[in-house]
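1. Below are the sequence and a predicted model for it; my questions follow.
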Amino acid sequence: MRLTFIYPIYPTQEQETTLERWLDHLCDLQNSARHDRLVAYETEGAFVSLSDQQTLLTAAREKYDDFREVPQDFQNHALRRNDKAFTAFRKRCKENAEKKGYPRHKKRVRSLTWSLRKYTKVVCKKTKDPDKQTIRVRENPIIETDFRHNRLKVPKLGGETEDNPRWYRQAEGLLRKHSKDFSRKKKGSQRWQKQKHKLALHHERTTNKRKDFIGKLVYKLYHHQKNNVLVAENLNTSNMVKNKHLSKSISDASWSTFFEWCASIAERDGLHFHQVDPKNTSQTCSACGEKSQKKLSLAIRTFNCQFCGTSLDRDHNAALNILFRAACARRGERWVTDLTEARNTNEARDTGLQNAKQLLLFATSPSL
């Protein structure tokens, strides 16, 4: 797994102008490397390698001042991007793909990126040397983790809930104002450009708040509460957002991002994240395993079992059912439709699991 860390930078006006000039140079360099390979193949039938172009880059840096101004790491990154595009193109040609996809000419808006070497460090401290300028970077601590034994942990009776902040709902009022102001501006004018940037910045802040909340929640569940395994429903959110009444709320909660980050953190830190079939998890009693005779609407938030008399919060009841499914999947049982069928299999009877409370003992058993 390859992790990506995002560090916001805060350049001055002079530094921003310099970075834009460097990016223009990198875009021209990548297009020049592409043209060099094209001409070499059309005239001589030869393939130009990455090492050949890096040798030409070294000679150009010795000869031209504009090449020496840009860091060599950035230039090598542009050449590597070009080489990666041609390698993928030749691979598609060998496989006789329908669309070969010859590397195209890069525009400025498609080349706003650069890279440093693997062990290059970004220094954020102030320096007394006037020739050396630094850019302020907001750094994030690197998480150090260890590997533990894994076990399923059952939440305490009553459960622990996490309120949904509904970031988009909170930002709708200001978003409406920005959108109205944007619609009144003349398209292409300077005020139109400023309002466009203000509107985009508002969306970005809302997105960053949501991602920050999800990241902290995932870290809390794994490390602060010391859970080695997290279990969730395998929801098909792409189909769920087609519901016009719930699409905005589902997108605002960002379940897909939450599940994806749970899986990534589990893989990174040697933990486990498991998703189970969500069918009837909120319609089945977690104590006796009987399904409700009447389908419960979303407005009903308390689950009252007609068979055993159990009364639980609907979400807490569903969470227990999800955990039970993961526990039975762990011990090898095959789940077909709902909890009632799975718990009444011969395999469950042979192991002496008479009810859901005995299954709790299994859920807290030692590591995988």
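-> Sure, I can see it. Residues are numbered from 1 along each chain as shown.
2. what's the burial count for the nearest residue to His178 once chain neighbours are set aside?
-> Leaving aside its chain neighbours, His178 sits nearest to Leu199 (4.6 Å; criterion: C-beta to C-beta, 6 or more residues apart in numbering). (C-beta placed from N, C-alpha, C; glycine too.) Number of residues near Leu199 (other C-beta atoms under 10 Å) recorded here: 16.
3. which secondary structure element contains Leu199?
-> helix 190-219 (DSSP states H and E).
4. who does that helix touch, helix- and strand-wise?
-> Packing contacts for helix 190-219, counted by 3 or more C-beta pairs under 8 Å, 6 or more residues apart in numbering; DSSP states H and E, involve helix 167-184, helix 255-269.
5. Using CSV, lay out these together with mean neighbour count, distance to Pro71 and mean pLDDT.
-> Shown next, in CSV, are those (neighbours: other C-beta atoms under 10 Å; distance: least, C-beta to C-beta, whole Å; pLDDT from 0 to 100):
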stretch, mean neighbour count, distance to Pro71, mean pLDDT
helix 167-184, 14, 37, 93
helix 255-269, 17, 30, 90
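6. Tell me which of these sits nearest to Lys216.
-> helix 255-269 (10.6 Å; C-beta to C-beta).
7. what element comes up after the closest one heading to the C-terminus?
-> Downstream of helix 255-269 (by DSSP H and E), the next one is strand 272-276.
8. Do me a favour and average the pLDDT over the following helix or strand past that following strand.
-> Remark: after strand 272-276, the chain's next helix or strand is strand 302-304, criterion DSSP H and E. In this model, strand 302-304 has a mean pLDDT of 89.
9. Same check on stretch 277-287?
-> Summarised as a single mean, pLDDT over stretch 277-287 is 88.
10. what's the span of it from first residue to last?
-> 19 Å (C-alpha to C-alpha, to the nearest Å).
11. buried stuff in it?
-> Pro278, Lys279, Asn280, Thr281, Ser282, Gln283, Thr284, Cys285, Ser286, Ala287 (16 or more other C-beta atoms under 10 Å).
12. Rebuild the helices and strands packed on helix 190-219 as TSV, extending it with distance to Phe303.
-> Formatted as TSV, the helices and strands packed on helix 190-219 follow (distance: least, C-beta to C-beta, whole Å):
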stretch	distance to Phe303
helix 167-184	27
helix 255-269	21
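13. Just the CA trace of the helix or strand containing Glu62, in CSV.
-> Assigned by DSSP H and E, Glu62 belongs to helix 50-63. The C-alpha coordinates for helix 50-63 follow below in CSV (Å, rounded to 0.1, in the frame of the first residue of the first chain):
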residue,chain,number,x,y,z
LEU,A,50,15.0,7.8,-19.8
SER,A,51,18.7,7.6,-19.1
ASP,A,52,19.5,9.2,-22.5
GLN,A,53,17.2,12.1,-21.8
GLN,A,54,18.6,12.6,-18.3
THR,A,55,22.1,12.8,-19.8
LEU,A,56,20.8,15.6,-22.1
LEU,A,57,19.2,17.3,-19.1
THR,A,58,22.6,17.3,-17.3
ALA,A,59,24.2,18.9,-20.4
ALA,A,60,21.4,21.5,-20.7
ARG,A,61,21.8,22.5,-17.0
GLU,A,62,25.5,23.2,-17.6
LYS,A,63,24.8,25.3,-20.6
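14. That one: which residues count as buried?
-> Neighbour-count burial for helix 50-63 [16+ other C-beta under 10 Å]: Leu50, Gln53, Gln54, Leu57, Arg61.
15. picking that back up, which among the buried residues of stretch 277-287 gets closest to Lys216?
-> Out of these, the member with the shortest distance to Lys216 (by C-beta to C-beta) is Pro278, at 25.0 Å.
16. Let me have the buried residues of helix 50-63 in JSON lines, extended by distance to Trp255 and pLDDT.
-> Listed next are the buried residues of helix 50-63 as JSON lines, based on distance: C-beta to C-beta, whole Å; pLDDT from 0 to 100:
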{"residue": "Leu50", "distance to Trp255": "42", "pLDDT": "91"}
{"residue": "Gln53", "distance to Trp255": "45", "pLDDT": "91"}
{"residue": "Gln54", "distance to Trp255": "45", "pLDDT": "91"}
{"residue": "Leu57", "distance to Trp255": "46", "pLDDT": "91"}
{"residue": "Arg61", "distance to Trp255": "50", "pLDDT": "92"}
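17. Need those in a markdown table (columns: distance to His316).
-> Shown next, in a markdown table, are the buried residues of helix 50-63 (distance: C-beta to C-beta, whole Å):
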| residue | distance to His316 |
| --- | --- |
| Leu50 | 57 |
| Gln53 | 61 |
| Gln54 | 60 |
| Leu57 | 62 |
| Arg61 | 65 |
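18. Kindly indicate which of those residues lies nearest Ser256.
-> For these, the nearest to Ser256 is Leu50 (36.8 Å; C-beta to C-beta).
19. Tell me how far that closest one lies from Val229.
-> Distance, Leu50 to Val229, using C-beta to C-beta, to the nearest Å: 44 Å.
20. Phe324 - how many residues pack around it?
-> The number of residues packed near Phe324 is 27, by other C-beta under 10 Å.
21. That one is in contact with Ser286, isn't it?
-> Yes: using C-beta atoms under 8 Å, Phe324 is in contact with Ser286, at 6.9 Å.
22. any idea which helix is longest in this structure?
-> As assigned by DSSP state H, the longest helix anywhere in the chain is helix 13-44.
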